[in-house]
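Enquirer: need coordinates for the following:
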Amino acid sequence: MQLDVFTLVPHAFAWMTEQRPIATVLGDELDLRLFSYRDYTPLRAGQVDDEPYGGGAGMVLRVDVVAAALDVVYGEERAQPVLALSPKGRPLTQQVVEELAALEHLTLLSARYEGFDERIVAHLASDALSIGPYVLSNGDLPAMVLVDAIARRLPGALAEGSGELESFSDELGGGLEYPHYTRPAEYRGWRVPDVLLSGDHARIEGWRREQVR
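Expert: Numbering: from 1, shown residues only. Next up is the predicted model:
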């Protein structure tokens with residue numbers, strides 16, 4: 001999968017490339033490319049944003065800057081989906097992650113502060129996604145969330161079988177995963193459920209299914 005991220009701070013993603021699951025699939029199942037808007041801006045002194053028309057606080061990422069970056073990297077024909085990360089976008093769910101992870105090419109647009117000139121979302125992006133009903137000053141954080149969520153669904157990212165029985169999976173009917181416990185069996189009077197210590201795998205499996213919410 002080729003996953004492109006357009007951002008104001010490409011170096012912010014560096015730590016992710018050293019961590020699993022991204023490090024596991026990087027250069028094999030995942031081609032992660034990071035592009036800085038400042039490298040393509042047609043404006044002087046690396047300008048990429050401006051004050052909003054009508055007044056108000058904050059700075060807005062300019063439509064001409066994003067268009068210039070996309071044109072240089074892709075030309076006028078952009079066949080792959082281009083997703084803007086915005087609180088106004090449709091909610092990100094595991095089902096959406098699965099759909100995106102099946103793509104061969106995907107582009108993410110991130111912004112900062114007051115976000116995008118609306119024409120970026122309306123005319124340059126094919127869709128907008130939100131990671132939740134709250135506001136962040138850094139659009140790279142939602143982009144990182146999406147990169148991680150997608151990377152872990154690529155072949156070889158996780159140990160065999162570890163991605164099937166987890167929260168929101170089909171195996172659990174889209175529910176939340178059952179609780180997990182480890183040693184010690186008792187701590188400060190807090191005991192691990194007896195069924196998990198029984199060695200009876202059928203009972204354990206039944207208990208786990210009952211705990212799915």
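Enquirer: CA atoms for contacts and neighbours, from now on please.
Expert: Will do.
Enquirer: which residues of the protein fall in helices?
Expert: 22-25, 63-74, 94-101, 118-119, 140-151, 201-211 (DSSP state H).
Enquirer: who's in contact with the third one?
Expert: Translated: helix 94-101. For helix 94-101, contacts defined as Cα atoms under 8 Å, 6 or more residues apart in numbering pick out Met1, Leu106, Leu146, Ala149, Ile150, Ala151, Arg153, Leu154, Phe168, Ser169.
Enquirer: quick check, the first one in contact with Leu30.
Expert: Yes - applying Cα atoms under 8 Å, one finds Met1 in contact with Leu30, separated by 4.9 Å.
Enquirer: residues touching Ala128, list them.
Expert: Ala128 neighbours (Cα under 8 Å, 6+ apart): Leu83, Ala84, Leu85, Ser86, Lys88, Gly89, Arg90, Val121.
Enquirer: give me the pLDDT value at it.
Expert: pLDDT for Ala128: 97.
Enquirer: please name the bridge partners of it.
Expert: Ala84 (DSSP bridges).
Enquirer: for Ala102, see how far away it is.
Expert: 18 Å (Cα to Cα, to the nearest Å).
Enquirer: what do you get for Arg153?
Expert: Counting by Cα to Cα, the gap from Arg153 to Ala102 is 9 Å.
Enquirer: Leu83 against His105, yeah?
Expert: No - taking contacts as Cα under 8 Å, Leu83 lies outside contact range of His105: 11.4 Å.
Enquirer: looking at the two, which has the bigger crowd around it?
Expert: Leu83 (21 against 16; other Cα atoms under 10 Å).
Enquirer: pretty sure Val48 is touching Ala67, no?
Expert: No - contact status for Val48 versus Ala67: not in contact, 11.2 Å apart, counting by Cα under 8 Å.
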